[in-house]
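Asker: please work out how this folds:
(one chain, ligands or ions: 2)
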Amino acid sequence: MTTAIKSIGVVGAGNMGSMMTLRFAELGLQVSVWDVVKKNVDDAVNCAKQDEAITGRVQGFYDINKFTKSLEGKSERKVFMFSITHGHPADEVLRMIKPDLKAGDIVLDGGNENYRNTERRQRECEEIGVSWIGMGVSGGYQSARRGPSLSPGGDAKALELVMPFLESYAAHDPKTGTACVKRMGPGGSGHYIKMVHNGIEGGMLSSLAETWQYMHEGLAMEHGEIGDVFNKWSESGELRGNYLVNIGADMLHKKRTPHGDRKGEGSSRDNGYVIDDVLDKVVQDDDNTEGTPYWCLMESAARHVSCPTLAAAHYLRVASGNRIERARVAKKMEMPMPKPIEGTRDHAVIIENLRQAVFCSFLASFCQGLELISRASKDEGWDVNLGDCLQIWRAGCIIKSDYIADLLQPALAGKNELTNAKFVDAVSHELRQKFHSLKQIVMEGTMFDQYIPALSATLEYLKYEGGLGLPTQFMEAQMDYFGSHNYNKPGIPGEDPGPVHKGPHHYEWLPA
Ligand SMILES: NC(=O)C1=CN([C@@H]2O[C@H](COP(=O)(O)OP(=O)(O)OC[C@H]3O[C@@H](n4cnc5c(N)ncnc54)[C@H](OP(=O)(O)O)[C@@H]3O)[C@@H](O)[C@H]2O)C=CC1
Ligand SMILES: O=C(CO)[C@H](O)[C@H](O)COP(=O)(O)O
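Answerer: Ligands and ions are numbered 1, 2, ... in the order given. So this is what the prediction gives:
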């Protein structure tokens, strides 16, 4: 392996950090690992002990001073990989290790972090000559162990030094062998791109979950049957090589074993589907230890980029978390529950419409995310190459979608600006072609009370993003009526068509 990095200090031995520790040792590095939770350190070290190939390469520490000292003199510089909770935990650890940091040292922050925090730490570390690299790591703990998708951003020289190591760690595009890691740009660009990746991930997760339930409740399909359909979808066509569809198929075939999770019976019988033991609550947002989809929505609003699929997906998961209140509202309002879809329509036709609808919603999620990245890159002067984003998402990550990558990567190669993804011919063609199926699914789903927030948000998004004569005509007039906000007039050059500027006209609808 060609890397100048011979040792590394891993901060955090949770789901991700423990897997990184093992992989780094496999790549030939001497790994020191520290975690605030002793058991995490012990587990990582014990795991490493069981693997002869990496014997002696992993050393665990409970004391953070001993941990940083252990890296002294092993390499030209100390290199750290952070994999802990975002926000103040990362600040606390930085405060603890800072006295031991020397000019030239490099910290790779591989957690999910708000890019503004990353930029603040970059400024703080720059003062002592230390490079803080904000790096998205995607693909969950399996990829952290086998090769994730990486989006580092920060100082170019520091990144050049660690790039051979990152390239050896990252997933590789099976088609070209290219590593799924690129320097995204300066500042917090790397963490920003991971944040958007997770926003897209949210849109895709919801679209697919809605589709699963549509089949289960609407078409009365067994989980295993749906798994078979997902398997077919991921083999060819627009959903081929799609990570979420692929693991969805695997998940839907999993039957409960006698061992279970040893924490309760759930609703499935032995040999029943594991998914029947999973309650419909996403509680990820409850304690603010994760924040990427929420930051993504805040960013899309602040930068005036429409991301309704990502937003609808997020609000569904937020609402799902508070099941106690949902149950009370359900009782009070007697809300209808999803029903079997009746009618003459052949199930095979509905399933094909669902396939096209889910693809359409996936593609729309990418469009929304890429437009947000492009806008932020322009605002922040990051100069992010959008083709590189597609390249790093080719393998090892949750939003891996072969067909979408094949469609978008050539169109966006070398492109640093994309005001509107629908300007790309291949994209507008695909969205237009799938529009009818999506509409059919939303219409039938609405009729039979299916839960389809992300799918229907995508439908409306396509309608209004490509619509003329929007109801905002009335909205604009009302805002002028009560707030004297002015408006543009139809058919006046400079106004129609014209830039996104406040119009010059006001009508005195009702004198004060
Ligand atoms: N899990 C995943 O699929 C992915 C996670 N990430 C990101 O990677 C990072 C790690 O995630 P993951 O491994 O799943 O999380 P874990 O909760 O498994 O591990 C995080 C570790 O950070 C520790 N920690 C919390 N607060 C502090 C503190 N104040 N000082 C020191 N350590 C602290 C936690 O301790 P304690 O248990 O006591 O809180 C825990 O040991 C996060 O930023 C996450 O967003 C990125 C990609 C994928
Ligand atoms: O980063 C991830 C995947 O890409 C992690 O799974 C993370 O835990 C997702 O959590 P959230 O959606 O709340 O940020």
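
Asker: going by C-alpha atoms from here, please, whenever you check contacts or count neighbours.
Answerer: Will do.

Asker: near ligand 2, which residues of this structure?
Answerer: Proximity of the chain to ligand 2, by C-alpha under 6 Å from any ligand atom, involves residues 138, 139, 140, 198, 284, 290, 291, 292, 293, 398.

Asker: run the last query once more with 8 Å
Answerer: Residues of the chain lying close to ligand 2 (C-alpha under 8 Å from any ligand atom) are 112, 137-140, 194-195, 197-199, 201-202, 284-285, 289-294, 397-398.

Asker: residues contacting the one residue in the stretch 101-250 of the chain that gets nearest to ligand 2?
Answerer: Minimum separation of the stretch 101-250 of the chain from ligand 2 (C-alpha to the nearest ligand atom) falls at residue 138, amounting to 4.7 Å. With C-alpha atoms under 8 Å, 6 or more residues apart in numbering as the criterion, the residues that contact residue 138 are 144, 148, 149, 150, 194, 396, 397, 398.

Asker: ok, now with 10 Å
Answerer: By C-alpha atoms under 10 Å, 6 or more residues apart in numbering, the residues touching residue 138 are 16, 110-112, 144, 147-151, 170-171, 194, 197-198, 392-393, 395-399.

Asker: sort out for me which of those are in strands.
Answerer: In this view, the contacts of residue 138 that belong to strands under DSSP state E are 149, 150, 151.

Asker: so which of those residues is the closest to residue 242?
Answerer: Among these, residue 149 lies closest to residue 242 (C-alpha to C-alpha), at 14.8 Å.

Asker: model confidence score at the closest one, please.
Answerer: Predicted confidence (pLDDT) for residue 149: 98.

Asker: then residue 291?
Answerer: On the pLDDT scale, residue 291 gets 87.

Asker: circling back to that earlier point, out of the contacts of residue 138, who's near ligand 1?
Answerer: Answer for those near ligand 1 (C-alpha under 8 Å from any ligand atom): 16, 110, 111, 112, 144.

Asker: the second one reaches residue 149, doesn't it?
Answerer: It stands for residue 110. No. Using C-alpha atoms under 10 Å, residue 110 makes no contact with residue 149, being 11.0 Å away.

Asker: which positions in this structure make contact with ligand 1?
Answerer: Neighbours of ligand 1 within the chain, by C-alpha under 8 Å from any ligand atom: 11-18, 35-37, 40, 82-86, 88-90, 92-93, 110-113, 136-141, 144, 289-292.

Asker: please flag which of those sit within helices.
Answerer: Among those, the ones falling in helices (DSSP state H) are 15-18, 40, 88-90, 92-93, 140-141, 144, 292.

Asker: nearest to residue 403 among those residues?
Answerer: Nearest to residue 403 among those is residue 140, at 21.6 Å by C-alpha to C-alpha.

Asker: need the contact list for the closest one.
Answerer: By C-alpha under 10 Å, 6+ apart, the neighbours of residue 140 are 15, 16, 19, 148, 149, 396, 397, 398.

Asker: take those and write them to CSV, including distance to residue 308 and neighbour count.
Answerer: Output for those, formatted as CSV (distance: C-alpha to C-alpha, whole Å; neighbours: other C-alpha atoms under 10 Å):
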residue, distance to residue 308, neighbour count
15, 31, 17
16, 30, 23
19, 34, 22
148, 28, 30
149, 26, 34
396, 26, 27
397, 23, 25
398, 20, 24
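
Asker: filter the residues of the chain next to ligand 1 to the buried ones?
Answerer: For the residues of the chain next to ligand 1, a neighbour count by 16 or more other C-alpha atoms under 10 Å gives the buried set as 11-18, 35-36, 40, 82-86, 90, 93, 110-113, 136-141, 144, 290-292.

Asker: other SSEs contacting the longest helix belonging to the chain?
Answerer: Identified as the longest helix of the chain according to DSSP H is helix 347-380. Of the remaining helices and strands, those touching helix 347-380 by 3 or more C-alpha pairs under 10 Å, 6 or more residues apart in numbering; DSSP states H and E are helix 189-213, helix 223-235, helix 292-302, helix 308-321, helix 386-392, helix 402-412, helix 425-447, helix 453-465.

Asker: make it 7 Å
Answerer: Contacts defined by 3 or more C-alpha pairs under 7 Å, 6 or more residues apart in numbering; DSSP states H and E place helix 347-380 against helix 189-213, helix 425-447, helix 453-465.

Asker: give me the buried positions along the helix or strand following the last one.
Answerer: The reference is to helix 453-465. Later in the chain than helix 453-465, the nearest helix or strand by DSSP states H and E is helix 472-483. Neighbour counts over helix 472-483 (16+ other C-alpha under 10 Å) mark 477, 480, 481 as buried.

Asker: next one, pLDDT for residue 267 please.
Answerer: If you check residue 267, the pLDDT there is 58.

Asker: ok, residue 257 next?
Answerer: With respect to pLDDT, residue 257 scores 68.

Asker: which residue does the stretch 151-300 of the chain have closest to ligand 1?
Answerer: Residue of the stretch 151-300 of the chain nearest ligand 1, by C-alpha to the nearest ligand atom: residue 290 (5.5 Å).

Asker: any stretches of the chain with poor pLDDT?
Answerer: For the chain, residues meeting the criterion pLDDT under 70 lie at 1-3, 257-271.

Asker: what about 50?
Answerer: Scanning the chain for pLDDT under 50 picks out 1-3.

Asker: geometric centre of it: which residue is closest?
Answerer: Centre of the chain computed as the mean C-alpha position; nearest residue by C-alpha atoms, centre = their mean is residue 198, 1.4 Å away.

Asker: just checking, it touches residue 293?
Answerer: Yes. Residue 198 lies in contact with residue 293 (C-alpha atoms under 7 Å); the separation is 6.0 Å.

Asker: what do those two both touch?
Answerer: By C-alpha atoms under 7 Å, 6 or more residues apart in numbering, residue 198 and residue 293 have no common neighbours.
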